[in-house]
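Colleague: here's a sequence, model it:
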Amino acid sequence: MFKTWAALPRDTRLLLGARAARSIGQGALIVTFALYLRALGWSAPAIGGLFTAGLLVDATLITLLGPLSDRVGRKRFLLVYEAAQAIAALIAITTSAPTLVAGAAVVGGFGRGANGGSGPFAPVELSWLSQTLSARARGPVFSLNMAVGFSGMALGALLGGLPELFDSVLDGALAYRPLFLLSLLGSLTCFGLLALTPDRATPPPEPPKDRDTANEDAATQRKENGLLLRLFGINALNGVGIGLIGPLMAYWFAVRFGQGPADIGPVMALAYGATALSSVGAGRLVQRVGVIRAVVWMRAIGVLILVAMPLVPSFWMAATLHVVRSAFNRGTAGARQALTVSLVRPHRRGAAVSTGSVAIQLPRAAGPLFAGLFFGSGMLAAPFYIAAGFFSAYIVCYRQVFAAYDPARSTPKRAGER
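Modeller: Residues are numbered from 1 along each chain as shown. Below is the predicted model:
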């Protein structure tokens with residue numbers, strides 16, 4: 001396994017660098033964007049509805065792009081994405097017109113917190129990252145990939161407290177505008193790094209030359225499709241929970257405890273920093289106990305903490321629980337991605353990651369709208385308990401279905417084996 005940064009393949013290092021550059025702006029905006037909209041006079045349901053619209057657009061693009069990238073390559077998609085991100089950031093810097101801000105937010109993913117990922121293009125990026133990695137290397141490297149993103153998010157979240165410093169020279173909502181510069185600079189940096197990264201797309205296998213081989217190939221594909229269908233259903237449970245509590249967490253801290261970005265930013269930074277360390281630890285845990293056990297143990301602890309969060313009486317108690325829960329809950333993301341790309345043959349990895357991602361994005365899209373309605377009605381605890389129920393169901397189903405397909409096992413079961 002890779003012991004040092006220099007030992008990683010050059011392609012991997014460039015893609016990890018792009019994730020780091022992208023994540024800083026995302027971290028700042030996950031702290032401030034909902035608060036920026038609130039300062040502009042948007043209501044909680046309107047803010048939640050905007051997040052929902054953006055997530056629905058993401059889900060639609062994910063459905064199309066992953067399988068398409070398997071056929072035509074990944075690089076051009078990511079370059080278009082970064083160019084669009086830069087344009088969205090420029091719009092947000094220069095205007096607060098509701099229609100333009102909403103359009104820029106949908107395109108730019110502002111406040112949705114992709115952990116350094118490329119939004120609807122994330123399946124393309126992950127498929128690209130897997131090209132030079134063996135099956136056993138994917139768990140640790142994908143965990144490192146998430147750790148890089150979470151570290152950048154932590155730095156960005158710290159910078160999310162800057163509006164209170166800018167408030168002395170920029171009036172009201174204008175104090176939030178400079179943070180969109182981080183998104184702009186990150187996109188330009190990513191564009192440069194991705195332009196230097198070669199795309200070694202995996203060609204599909206040659207068509208079978210005899211009937212027996214054709215029948216075997218068709219049977220393998222049907223069994224892979226069955227696994228992807230189960231992955232879709234299980235990830236949908238996860239997506240509902242994420243949507244209910246993820247995008248509006250900073251808003252919940254502001255409404256529940258009356259805190260501003262100067263206090264919320266450091267909390268979010270600590271959460272992402274802890275999650276970065278947890279992602280590295282999860283990579284090592286995967287090597288010892290496997291992907292499935294690592295995911296089940298860590299996510300179960302996260303659910304218990306989630307149930308406790310609405311019950312605590314102070315901001316700092318809730319903040320501490322949020323930091324710890326983030327480490328256990330989101331620290332497994334890289335391990336779960338490693339499992340997803342291992343369920344199918346190399347030429348179908350884009351389709352596999354798209355299936356897993358869109359299964360999360362579609363139900364996740366409904367979450368912010370309902371959470372906004374709950375918060376607008378004063379029901380600040382309900383989204384936490386509903387999310388905990390969905391997360392619990394996800395953990396049980398994940399273990400039951402995928403235990404035999406763990407890529408960290410010495411001889412993981414392939415699609416169709418019994």
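Colleague: for the nearest residue to Leu380 once chain neighbours are set aside, list the residues it contacts.
Modeller: Nearest residue to Leu380 in three dimensions, chain neighbours excluded: Arg256, at 5.4 Å (Cβ to Cβ, 6 or more residues apart in numbering). Glycine gets a C-beta too; all of them are placed from N, C-alpha and C. Contacts for Arg256 were tallied using Cβ atoms under 8 Å, 6 or more residues apart in numbering; they are 315, 318, 380.
Colleague: for those, which one is nearest Leu126?
Modeller: The nearest member of the contacts of Arg256 to Leu126, counting by Cβ to Cβ, is Ala318 at 32.4 Å.
Colleague: could you find the closest non-adjacent residue to the spatially most central residue of the chain?
Modeller: Relative to the mean C-alpha position of the chain, the nearest C-alpha, by Cα atoms, centre = their mean, is the one of Ala114, at 4.0 Å. What sits nearest to Ala114 in space, not counting adjacent residues and going by Cβ to Cβ, 6+ apart, is Gln26, at 5.8 Å.
Colleague: my guess is the one you found contacts Gly119, does it?
Modeller: No: applying Cβ atoms under 8 Å, one finds Gln26 not in contact with Gly119, separated by 9.3 Å.
Colleague: find residues that contact each of those two.
Modeller: With contacts taken as Cβ under 8 Å, 6+ apart, the residues that reach both Gln26 and Gly119 are Gly109.
Colleague: comparing the two, which residue is more hemmed in?
Modeller: Taking other Cβ atoms under 10 Å, Gln26 and Gly119 do not tie; Gln26 has more neighbours (29 against 24).
Colleague: buried sites along the biggest helix by length in the chain?
Modeller: The longest helix of the chain (DSSP state H) is helix 211-245. Judged by neighbour count using 16 or more other Cβ atoms under 10 Å, the buried positions of helix 211-245 are 223-224, 227-228, 230-231, 234-245.
Colleague: now the helix or strand the residue nearest to Leu380 falls within: mean pLDDT?
Modeller: When secondary structure is defined by DSSP states H and E, Arg256 falls within helix 249-257. For helix 249-257, the mean per-residue pLDDT is 91.
Colleague: next, the angle from that helix to helix 211-245.
Modeller: With axes from the mean of the first three to the mean of the last three Cα atoms, to 10 degrees defining the directions, helix 249-257 sits at 30 degrees from helix 211-245.
Colleague: list the contacts for the residue nearest to Ala114?
Modeller: Taking Cβ under 8 Å, 6+ apart as the test, what Gln26 contacts is 109, 113-116, 152-153, 156, 183, 186.
Colleague: which of these tops the neighbour count?
Modeller: The contacts of Gln26, ranked by neighbours (other Cβ under 10 Å): first place Met153, 33 neighbours.
Colleague: wait, that one touches Gly117, no?
Modeller: No: assessed by Cβ under 8 Å, Met153 is found out of contact with Gly117, at 10.4 Å.
Colleague: give me the subset of the contacts of Gln26 lying in helices.
Modeller: 152-153, 156, 183, 186.
Colleague: now, among those residues, which is nearest to Val289?
Modeller: For the ones in helices among the contacts of Gln26, the nearest to Val289 is Met153 (26.6 Å; Cβ to Cβ).
Colleague: any idea how far Asp113 lies from Val303?
Modeller: No, residue 113 isn't Asp; it's Gly. Using Cβ to Cβ, to the nearest Å, one obtains 20 Å as the distance from Gly113 to Val303.
Colleague: before we move on, what about Phe232?
Modeller: With Cβ to Cβ as the criterion, Phe232 and Val303 are 22 Å apart.
Colleague: again, but for Gly378
Modeller: Taking Cβ to Cβ as the measure, Gly378 falls 25 Å from Val303.
Colleague: same thing with Gly372?
Modeller: When Cβ to Cβ is applied, the distance between Gly372 and Val303 equals 23 Å.
Colleague: the two: who's more crowded?
Modeller: For the pair Gly372 and Val303, the greater number of neighbours falls to Gly372 (26 against 20), based on other Cβ under 10 Å.
Colleague: what about that one, helix or strand, and which?
Modeller: Residue-wise, Gly372 maps onto helix 349-376 under DSSP H and E.
Colleague: what comes up buried for the helix or strand following that helix?
Modeller: Proceeding N to C from helix 349-376, the next assigned helix or strand is helix 382-402, under DSSP H and E. By neighbour count, with 16+ other Cβ under 10 Å as the criterion, the buried positions of helix 382-402 are 382-384, 386-388, 390-392, 394-395, 397-399, 402.
Colleague: between helix 249-257 and the helix or strand that contains Asp11, find me the angle.
Modeller: In this assignment (DSSP H and E), Asp11 forms part of helix 10-39. Going by the same axes, to 10 degrees, helix 10-39 is angled at 40 degrees with respect to helix 249-257.
Colleague: any idea how far Val289 is from Ala300?
Modeller: Counting by Cβ to Cβ, the separation of Ala300 from Val289 is 14 Å.
Colleague: now swap in Ala269 and tell me
Modeller: Spatial separation of Ala269 from Val289 under the definition Cβ to Cβ is 30 Å.
Colleague: who has more neighbours out of these two?
Modeller: More crowded of Ala269 and Val289, by other Cβ under 10 Å: Ala269, with 23 against 14.
Colleague: so for the more buried one, what's the pLDDT?
Modeller: pLDDT recorded at Ala269 is 91.
Colleague: contact partners for it?
Modeller: For Ala269, the set of contacting residues under the criterion of Cβ under 8 Å, 6+ apart consists of 27, 154-158, 160.
Colleague: please report how far it lies from Ala157.
Modeller: Applying Cβ to Cβ, the value for Ala269 to Ala157 is 4 Å.
Colleague: what's the overlap in contacts for these two?
Modeller: Gly27.
Colleague: what about the spatially closest residue to Gly376 that is not a sequence neighbour, neighbour count?
Modeller: Sequence neighbours aside, Ala44 is the residue nearest to Gly376 in space, at 4.2 Å (criterion: Cβ to Cβ, 6+ apart). The local packing count at Ala44 equals 21, with neighbours defined by other Cβ under 10 Å.
Colleague: and Ala44, how far is that from Ala365?
Modeller: According to Cβ to Cβ, Ala44 and Ala365 sit 17 Å apart.
Colleague: just after the helix or strand that contains Leu61, pick out the following helix or strand.
Modeller: Element membership of Leu61, judged by DSSP H and E, is helix 44-72. Sequence-wise, the next helix or strand beyond helix 44-72 is helix 75-94, with elements assigned using DSSP H and E.
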